[in-house]
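Engineer: structure, please.
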Amino acid sequence: MFERFTKDARAVVLGAVDHAERSSADKVTEEHLLLALLDRRASRASFALASLGLADNRGSVEQALTAARRRGGLTRADADALSDLGIDLAQIVSRVEEAHGTGALEPGRRRDGRGADGEAGDEVGGAGDGSGSGGQRFGRWGGGRGGRSGRARGSGHRPFTRDAKDVLTRSLRVAQSHSDRHIGDEHMLLALTTRPGVPAEVLADHGVTYESLERVLYGAGEARAS
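Structural biologist: Next up, the predicted model:
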């Protein structure tokens, strides 16, 4: 699958690793993929995000992601469901952070040089795409540099979470559904909106949904990415 990734898509993956490294996360998550997508310039995904007004709202997106991390990675919908059960999540977060510091509930934060679950993890190619490329290292890809600083290529090991791997797999399906021969960063962005979770919720709150992205990227009679 990975040989079908465009230069922009590979840059997003490397950028996600870079974001994980700089945030001291033990694994690369969907959130890191989203942040790497927001870093892109002059790509189909960046065109779509700019067309939907997200280019000027990165700060708001980052604030929403930070708030979700402080809730232990729960979506706002999860928090509302707990509230219906009489559980005040905000109060719980406040008490835990008062005792253990801000961000104490953040999932996947590297504290002792290993993952929160003690796993060594596997490379993203281990998702098993049937191409025989399991365990492929991104450093062999070539192409764009990761994130803002490109440090990911020389960084320590960062396995991808199952959810992050699923985004990559879904990006292939999205590309196939549009008869696109290569997997671009726009397919990764579309794939992110199809998974329930914080990134999709945050994107939707800012007017970026699968439907709105499809209108911009593939819709007839409207501005389209080329």
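Engineer: find me the pLDDT at the nearest residue to residue 68 once chain neighbours are set aside, would you?
Structural biologist: Excluding its sequence neighbours, the residue lying closest to residue 68 (Cβ to Cβ, 6 or more residues apart in numbering) is residue 198, at 4.4 Å. The C-beta positions use only the backbone N, C-alpha and C, and glycine is treated the same way. Note for residue 198: predicted pLDDT of 92.
Engineer: residue 198 reaches residue 72, doesn't it?
Structural biologist: No. Using Cβ atoms under 8 Å, residue 198 is not in contact with residue 72, being 10.6 Å away.
Engineer: on that earlier part again, which ones are touching the residue nearest to residue 68?
Structural biologist: When contacts are counted by Cβ atoms under 8 Å, 6 or more residues apart in numbering, residue 198 touches 30, 31, 65, 68, 73, 74, 75.
Engineer: phi, psi for it please.
Structural biologist: The phi/psi pair for residue 198 (degrees, to the nearest 10) reads phi -60, psi -50.
Engineer: what separation is there between it and residue 91?
Structural biologist: Residue 198 is 20 Å from residue 91, where distance means Cβ to Cβ, to the nearest Å.
Engineer: residue 160 now?
Structural biologist: Shown here: residue 160 relative to residue 91, a distance of 33 Å by Cβ to Cβ.
Engineer: low-confidence ranges, this structure, go.
Structural biologist: 74, 78-80, 82-84, 88-89, 93-94, 97-98, 103-156, 220-226 (pLDDT under 70).
Engineer: quick check: buried residues in the one helix or strand residue 175 maps to?
Structural biologist: Secondary-structure element containing residue 175, defined by DSSP states H and E: helix 162-177. Buried residues in helix 162-177, counting neighbours by 16 or more other Cβ atoms under 10 Å, are found at 163, 164, 165, 166, 167, 168, 170, 171, 172, 174, 175.
Engineer: and stretch 61-73, by the same measure?
Structural biologist: If you call a residue buried by 16+ other Cβ under 10 Å, then stretch 61-73 has these buried ones: 61, 64, 65, 68, 69, 70, 71, 72, 73.
Engineer: so what's the fourth one up against?
Structural biologist: By that I understand residue 68. Residues near residue 68 by Cβ under 8 Å, 6+ apart: 74, 75, 76, 198, 201, 202.
Engineer: now, of these, which are buried?
Structural biologist: Buried by 16+ other Cβ under 10 Å: 74, 75, 76, 198, 201, 202, out of the contacts of residue 68.
Engineer: out of those residues, which are inside strands?
Structural biologist: Among those, no member is found in strands (DSSP state E).
Engineer: want to throw those residues into TSV with distance to residue 6?
Structural biologist: Shown next, in TSV, are the buried ones among the contacts of residue 68 (distance: Cβ to Cβ, whole Å):
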residue	distance to residue 6
74	33
75	30
76	33
198	26
201	27
202	25
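Engineer: ok, so of these, who is nearest residue 51?
Structural biologist: Comparing these against residue 51 with Cβ to Cβ places residue 202 closest, at 17.9 Å.
Engineer: how about that closest one: what's its closest non-neighbour residue?
Structural biologist: Once flanking residues are discounted, residue 202 sits nearest to residue 64: 4.5 Å by Cβ to Cβ, 6+ apart.
Engineer: likewise for residue 210?
Structural biologist: Residue nearest to residue 210 in three dimensions, not counting chain neighbours: residue 193, with 4.4 Å by Cβ to Cβ, 6+ apart.
Engineer: distance of the residue nearest to residue 202 relative to residue 34?
Structural biologist: Using Cβ to Cβ, we find residue 64 at a distance of 11 Å from residue 34.
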